[in-house]
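In: Pasting the sequence and the predicted model now:
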Amino acid sequence: MLIPKGALVVSCQARADNPLHGPIFMSAMARAAAAGGAQGFRANGAEDVAAIRAISTLPIIGISKVWDDRFPVYITPDFDSASRIAAAGADIIALDATPRPRNGEPVDRLIARIRNELKREVFADVSTLEEGKAASAHGASYIATTLSGYTDETAATKADGPDLDLLSALVAAVSTPVIAEGRFDTPDLVAAAFERGAHAVVVGTAITNPREITKKFVHATQRRAV
Ligand SMILES: CC(=O)N[C@H](C=O)[C@@H](O)[C@H](O)[C@H](O)COP(=O)(O)O
């Protein structure tokens, strides 16, 4: 198991519309995170994964976001996208493990192919307890709460912060290590995740997205006591 128990993993991702988009910025983010004590990274796409691999030996959870209007699944939907990030240096491949339609092989087959053909650990992003149990049964190495709040079924929970209830339910139900990911945006929430039995916590936006962090502060400037 590559992700150590108790680890903080930092997600270094910036989409094309973000001023920090690109491997130079994302590898600098990763260096800063490692200097701060992060024990692993999550990164999107072969270029960013390769740039982070070049500056660190810490475990990289690689994803490949592929948007296709015909399908809701965009996180590593098929074997080809998984292969590209494995070749770029990802130690662990994260994928959408919901049963939603995808332009790729069914999730059980995708997990098996990544394990058997790419020889990589599989990190299953789920949104419900049932999906987590299924991914565990299919051989995923980690089950993560990443997609809670981002599927039609779970959209209502997004406004409530991270899905601590799903985290606890997964910890109780599967022997696979459970990772807290998605809106863990304060040190207190990270501590709460470990109290509930998380194996590790992945933090993205709150550490690596200055635009979104700035928005929160600007929002505070607009608050007025009544
Ligand atoms: C739903 C989805 O596509 N999540 C993505 C998965 O890679 C990222 O956009 C998130 O930033 C990541 O999961 C970390 O979460 P947060 O940024 O909330 O700490």
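Out: Now that the structure is in, tell me what you want to look at.

In: The chain: helices as residue ranges?
Out: 23-35, 46-53, 79-88, 107-113, 129-137, 164-173, 187-195, 205-208, 210-221 (DSSP state H).

In: closest to the ligand out of those?
Out: helix 205-208 (3.4 Å; Cβ to the nearest ligand atom). Backbone N, C-alpha and C define where each C-beta goes, glycine included.

In: Which strands or helices does the closest one pack on?
Out: When contacts are defined as 3 or more Cβ pairs under 8 Å, 6 or more residues apart in numbering; DSSP states H and E, helix 205-208 packs onto strand 7-12, helix 23-35, helix 210-221.

In: Tell me which of these sits most buried.
Out: Scoring the helices and strands packed on helix 205-208 by mean neighbour count under mean count of other Cβ atoms under 10 Å gives strand 7-12 as the most buried, with a mean of 25.

In: quick one, that one and helix 23-35 angle?
Out: Between the direction of strand 7-12 and that of helix 23-35, the angle (axes from the mean of the first three to the mean of the last three Cα atoms, to 10 degrees) works out to 160 degrees.

In: Just checking: what are the partner strands of strand 7-12?
Out: Sheet pairing here is set by DSSP bridges, and for strand 7-12 it gives strand 40-44 (parallel), strand 200-203 (parallel).

In: got those as a markdown table, with mean pLDDT columns?
Out: Conversion of the strands paired with strand 7-12 to a markdown table gives the following (pLDDT from 0 to 100):
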| stretch | mean pLDDT |
| --- | --- |
| strand 40-44 | 98 |
| strand 200-203 | 99 |
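
In: Contact residues of this protein facing the ligand?
Out: Residues of the chain lying close to the ligand (Cβ under 6 Å from any ligand atom) are 11, 13, 63, 146-147, 150, 181-184, 202-206.

In: wait, which of the residues you listed is closest to residue 98?
Out: Nearest to residue 98 among those: residue 147, at 6.2 Å, using Cβ to Cβ.

In: residues near the closest one, how many?
Out: Residues contacting residue 147 under the criterion other Cβ atoms under 10 Å number 25.

In: For residue 39, give its distance to residue 61.
Out: Applying Cβ to Cβ, to the nearest Å, one obtains 12 Å for the distance of residue 39 from residue 61.

In: Of the two, give the one with the bigger neighbour count.
Out: residue 61 (30 against 18).

In: what residue ranges in this structure score low on pLDDT?
Out: Counting by pLDDT under 70, the low-confidence segments of the chain come to 225-226.

In: 90 instead?
Out: Low-confidence segments of the chain, defined by pLDDT under 90, are located at 159-160, 223-226.

In: can you tell me the residue of it closest to the ligand?
Out: Ranked by Cβ to the nearest ligand atom, the top residue of the chain for proximity to the ligand is residue 204, at 2.9 Å.

In: That residue contacts residue 13, doesn't it?
Out: Yes - counting by Cβ atoms under 8 Å, residue 13 is a contact partner of residue 204 at 6.2 Å.

In: any residues in contact with both of the two?
Out: residue 42 (Cβ atoms under 8 Å, 6 or more residues apart in numbering).

In: intersection of neighbour lists for residue 39 and residue 61?
Out: The overlap between the contact sets of residue 39 and residue 61 (Cβ under 8 Å, 6+ apart) consists of 3, 9.

In: OK, contacts around the residue of the chain closest to the ligand?
Out: 10-13, 42, 181 are the contacts of residue 204 under Cβ under 8 Å, 6+ apart.
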